[in-house]
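A.B. asks: Could you work out the structure for the sequence below:
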Amino acid sequence: MGSIQRLMFSAGLAALAASPLAAEPFRDRAPEEEVVYFVLPDRFANGDETNDRGGIAGGRLDHGFDPAHKGFYHGGDLAGLTERLDYIQSLGATAIWLGPIYKNKPVQGSPGNESSGYHGYWITDFTQVDPHFGTREDMKRFVDAAHARGMKVYLDIITNHTADVIKYRECPQNDCAYRSHADYPYSTRGDAEGQPINQGFAGVEDQTAENFARLASADYAYTPYVPTDEEDVKVPAWLNDPIYYHNRGDTTFSGESSTFGDFAGLDDLFTENPRVVQGFIDIFGTWIDDFGIDGFRIDTARHVNPEFWQAFVPAMLERAEARGIPNFHIFGEVYDGDPGALARFTRVDGFPSVLDFAFQGTVTDVVAKGAPTANLARLFAADALYEGGVDAAKRLPTFLGNHDMGRFARFVREAHPGASDEEVLKRVILGHAMMFFSRGVPVIYYGDEQGFVGDGGDQDARADMFPSRVATYNDNDLVGTDATTAEANFDMRHPLYEAIAGMAKVRGSDPALRSGDQIVRAYGDEPGLFAFSRRIPGTPGETLAVFNTSTKPITAQVQVDTGSLAWTSLHGQCAAAATAPGSYRVELAPLEYLVCKSEAAR
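C.D. replies: Here you go, the predicted structure:
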């Protein structure tokens, strides 16, 4: 180990020792105590240039590596991520959500529209690390290094689809419209008047092995086939059989096609089939067994039938418990801003938690777009809808933007095109403060702490942390800095990095901010004051978070507990005493926030 590495390692140990959570065994932390850093490994750090092409010969349409194109591999890998753990931990993250690292189809897409599997969602081998990211040994080194620091690792997993391998003879251009159960039943070939097939198959309502044994022909809607050069490309081997896929054409994201259609042409798995259910229990249970993974983020959860999750989720929790992981965190991606729609997946499908898209949309409306702060009160009032009520809401991963929809800083810029750089920075910081101090598990999207903006969603929101060669990334005006993505962006003195690290330190120092009940204290029908208290039931005192979403200063009285008389400041200028029992005076500059803590009831 060189001198620089020794210094970095020592700094990491010092940061770990200083953390309020460091003294606790990391396995004992409840999900709501974490701060999560979400990273796409291809875009973070390149620690091993020898794997940039994944060991594949030929040109970019063979190996998928083209660092100048936003839709191809850029070279980031597990080795680079491991080398940068100090940077992530010093930001205050206690868990890393790792974008999918399984072996992908390197390139797919029609001629002229090709892109690569750099994002990890086009899986061919569910048992191996994609060679562009490294090896299983590299994965073990990364997980072990994170665990040695007391950091958890959450894997992004996919059960809805595989890479696009299966083709349909009726549409060689791969533009296959969805064909419904009514028009194309399982009992006939081609359409409702076709030749009888699959005699005795009772449909997907009977999800037993005996019933699915009668599903022998997969050509009820289309005639699926696997190209000869890809007949054995998927692992485990059972995934190569078209009988284990829906084969009904592309989803329209509505009606039955939402769960039975191909997602953008990707092979949609027949998750009603018990063989598929058990297959994925085996696949992802092995990742828990082999690496001691601490949780799963589950992709495209809403596009899979509830019965699958009702079997899969308990099996994963049991597998983790057997591995000595008592707080295994599972959260599904349900891309919907309605709390009722999100809650359904906790009540019906059995998810312990879901990504809080409702929080993301509401904070964006209030902080970036100037919506009334009453919208936040309505959001939190819906916490009772989740299975487990308000306690379950504490485990919802909250976020401001992501790799699909885009970055929060862009939402701010688009809402305020004439705003100064200072105002944009303040609004971005304010959004993060709401995320860190309200109920839920804050998720930092990699690069947000360096002021990344992006030009849109998907590929446009996935800039490189290491020096980028993508012109449309490098022309972005980053928030809070004169730097560009053409240079490395691991600046621990960036104002957003420092602000977020400060929030994480405050949150980590106060149990009420990590897991306390939340009581909304103030809101209005326009931009301005929003306040809530966090407190541990049965414990005296409370922590008050107050926000000003307007561009005018605010002075107001906020209701607090009558016993909360003496106060200290965790952030900002907090009054030392209540104005009267039950009333606390706050003063906030435009787009600022306070975090104030009462000592104890008297």
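
A.B. asks: Quick check: phi and psi at Tyr154.
C.D. replies: Torsion angles at Tyr154 (phi, psi; degrees, to the nearest 10) stand at phi -110, psi 130.

A.B. asks: Sorry, slip of the keys, the one I care about is Thr555.
C.D. replies: phi -130, psi 130.

A.B. asks: Contact partners for it?
C.D. replies: 585-587 (CB atoms under 8 Å, 6 or more residues apart in numbering). Using the backbone N, CA and C atoms, a C-beta is placed for each residue, glycine as well.

A.B. asks: ok, now how distant is it from Ala589?
C.D. replies: 11 Å (CB to CB, to the nearest Å).

A.B. asks: and what of Asn476?
C.D. replies: Asn476 is 28 Å from Ala589, by CB to CB.

A.B. asks: now Gly54
C.D. replies: Taken as CB to CB, the span from Gly54 to Ala589 is 51 Å.

A.B. asks: do Leu529 as well
C.D. replies: From Leu529 to Ala589 the distance is 13 Å (CB to CB).

A.B. asks: okay, and the common contacts of the two?
C.D. replies: Asn548.

A.B. asks: which of those two has more neighbours?
C.D. replies: With neighbours defined as other CB atoms under 10 Å, Leu529 and Ala589 compare such that Leu529 has more, 21 against 14.

A.B. asks: so the more buried one touches Pro553, yeah?
C.D. replies: No: using CB atoms under 8 Å, Leu529 is not in contact with Pro553, being 11.0 Å away.

A.B. asks: Give me the common contacts of these two.
C.D. replies: The contact lists of Leu529 and Pro553 share Leu588, where a contact means CB under 8 Å, 6+ apart.

A.B. asks: And the helix or strand where Arg413 lies, what's buried?
C.D. replies: Under the criterion of DSSP states H and E, Arg413 resides in helix 408-415. By neighbour count on 16 or more other CB atoms under 10 Å, the buried set for helix 408-415 is 408-413, 415.

A.B. asks: Save these as JSON lines, and put in pLDDT and distance to Ala577 too.
C.D. replies: Putting the buried residues of helix 408-415 into JSON lines (pLDDT from 0 to 100; distance: CB to CB, whole Å) gives the following:
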{"residue": "Phe408", "pLDDT": "98", "distance to Ala577": "36"}
{"residue": "Ala409", "pLDDT": "98", "distance to Ala577": "38"}
{"residue": "Arg410", "pLDDT": "98", "distance to Ala577": "42"}
{"residue": "Phe411", "pLDDT": "98", "distance to Ala577": "39"}
{"residue": "Val412", "pLDDT": "98", "distance to Ala577": "36"}
{"residue": "Arg413", "pLDDT": "98", "distance to Ala577": "41"}
{"residue": "Ala415", "pLDDT": "98", "distance to Ala577": "38"}
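
A.B. asks: between the residues you listed, which is nearest Thr286?
C.D. replies: Thr286 has its nearest neighbour among these in Phe408, at 35.9 Å by CB to CB.

A.B. asks: what's near enough to touch that closest one?
C.D. replies: Contacts of Phe408 (CB under 8 Å, 6+ apart): 364, 368, 400-401, 428, 431, 445, 448.

A.B. asks: So it versus Leu400, what's the distance?
C.D. replies: Relative to Leu400, and taking CB to CB, Phe408 is found at 4 Å.

A.B. asks: what is in contact with these two at once?
C.D. replies: By CB under 8 Å, 6+ apart, the residues touching both Phe408 and Leu400 are 364, 431, 445, 448.

A.B. asks: what about the second one, how many residues close to it?
C.D. replies: Residues lying near Gly431 (other CB under 10 Å) number 25.

A.B. asks: Quickly find the element holding it.
C.D. replies: Going by DSSP H and E, Gly431 is in helix 421-437.

A.B. asks: what comes up buried for that helix?
C.D. replies: 424-437.

A.B. asks: Need the residues that contact stretch 270-289.
C.D. replies: By CB under 8 Å, 6+ apart, stretch 270-289 touches 126-127, 155, 157, 159-160, 204, 207-209, 212, 215, 236, 238-239, 243-246, 259, 269, 293, 296, 304-305, 307-308, 311-312, 315-316, 319-320, 323, 325, 328.

A.B. asks: Buried residues of it, list them for me.
C.D. replies: Residues of stretch 270-289 classed as buried: 270-274, 276-277, 279-281, 283-285, 287-288 (neighbour count, 16+ other CB under 10 Å).

A.B. asks: Thank you kindly, that will do.
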